[in-house]
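[1] Quick one: sequence plus predicted model below, questions after.
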Amino acid sequence: LEGQVTLLEQRARGGAPAADVAKAAKRLAGAIETANAVGDLASLTVRVDALGGVIADKVEEESQTQRAEVEAAVAERTAIAEAAEAIAARDLSNVQWTAVGAELDELFRTWQTHQTDGPRLPKSTADALWKRFSAARSSVDAARRAYFHQLDATNKESRRAKEALIGRAEALA
């Protein structure tokens, strides 16, 4: 038990996650109370209790830090979704599709980086932001497909008209 208390103190000083240390301290306090051992169990209990006060402060500090990180990540992902929505709100009938595609691809890569490297967001918030981002991407993609479909149709009509002119010119020749 002495070794376990010492190890727990070292973990607490070494920067182990406070929630894990608190859970281990609670388990160890229960083990000391029910131990069938000879020795100074009272001093071990005092040492574990002393850790409890320090750990409680660290748990609160870590939870506040985590909340701040989550709020910052929500703000960053909201900004990404708003940027995608701004692209979708443009007049997409006459844009440079290569540039627009590159902008959306960069936003998507940024989104993926935040998703993998950033803090975990609450599912409802993450889903809502993803729906906004995805809807903006989908509307831009639909506009791009419509533009190129119209362009293709115009080119086919021009080709038919040119072939008709060539046919009339050959008939005259």
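    Yep, that arrived.
[2] Mind pulling up the pLDDT for the most centrally placed residue in the chain?
    By C-alpha atoms, centre = their mean, the chain has its centre lying nearest to residue 115, at 2.5 Å. Here, the pLDDT recorded for residue 115 equals 88.
[3] Check the spacing between it and residue 126 real quick.
    In this view, residue 115 and residue 126 are 8 Å apart by C-beta to C-beta, to the nearest Å. Where you see a C-beta, it was placed from the backbone N, CA and C, and this is true even at glycine.
[4] now residue 22
    28 Å.
[5] got it, and residue 39?
    51 Å.
[6] Show me which of those two is the more surrounded one.
    residue 126 (15 against 10; other C-beta atoms under 10 Å).
[7] tell me the contacts of the more buried one?
    Taking C-beta atoms under 8 Å, 6 or more residues apart in numbering as the criterion, residue 126 is in contact with residue 77.
[8] sec struct for it, please.
    helix (DSSP: H, G, I helix; E, B strand; the rest coil).
[9] Just the element for the residue nearest to the centre of the chain, please.
    Element membership of residue 115, judged by DSSP states H and E, is helix 97-117.
[10] again, but for residue 7
    Going by DSSP H and E, residue 7 is part of helix 2-13.
[11] List the contacts of that helix.
    By C-beta under 8 Å, 6+ apart, helix 2-13 touches 18, 20-21, 24-25, 28, 31-32, 39, 44, 47-48, 51, 54-55, 58.
[12] which of these are buried?
    18, 21, 24-25, 28, 32, 44, 47-48, 51, 54-55, 58 (16 or more other C-beta atoms under 10 Å).
[13] Quick one: those residues as TSV, columns for distance to residue 77, secondary structure and pLDDT too.
    Listed next are these as TSV, based on distance: C-beta to C-beta, whole Å; DSSP: H, G, I helix; E, B strand; the rest coil; pLDDT from 0 to 100:
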residue	distance to residue 77	secondary structure	pLDDT
18	27	helix	78
21	31	helix	80
24	34	helix	85
25	36	helix	84
28	40	helix	82
32	46	helix	82
44	47	helix	83
47	44	helix	83
48	41	helix	82
51	37	helix	78
54	35	helix	72
55	32	helix	77
58	28	helix	78
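[14] on contacts alone, who are the packing partners of the helix holding residue 115?
    helix 41-89, helix 123-172 (3 or more C-beta pairs under 8 Å, 6 or more residues apart in numbering; DSSP states H and E).
[15] mean pLDDT for those: which is lowest?
    The bottom spot among these, by mean pLDDT, belongs to helix 41-89, with a mean of 86.
[16] could you check the angle helix 41-89 makes with the helix holding residue 115?
    Counting by axes from the mean of the first three to the mean of the last three C-alpha atoms, to 10 degrees, helix 97-117 lies at 170 degrees to helix 41-89.
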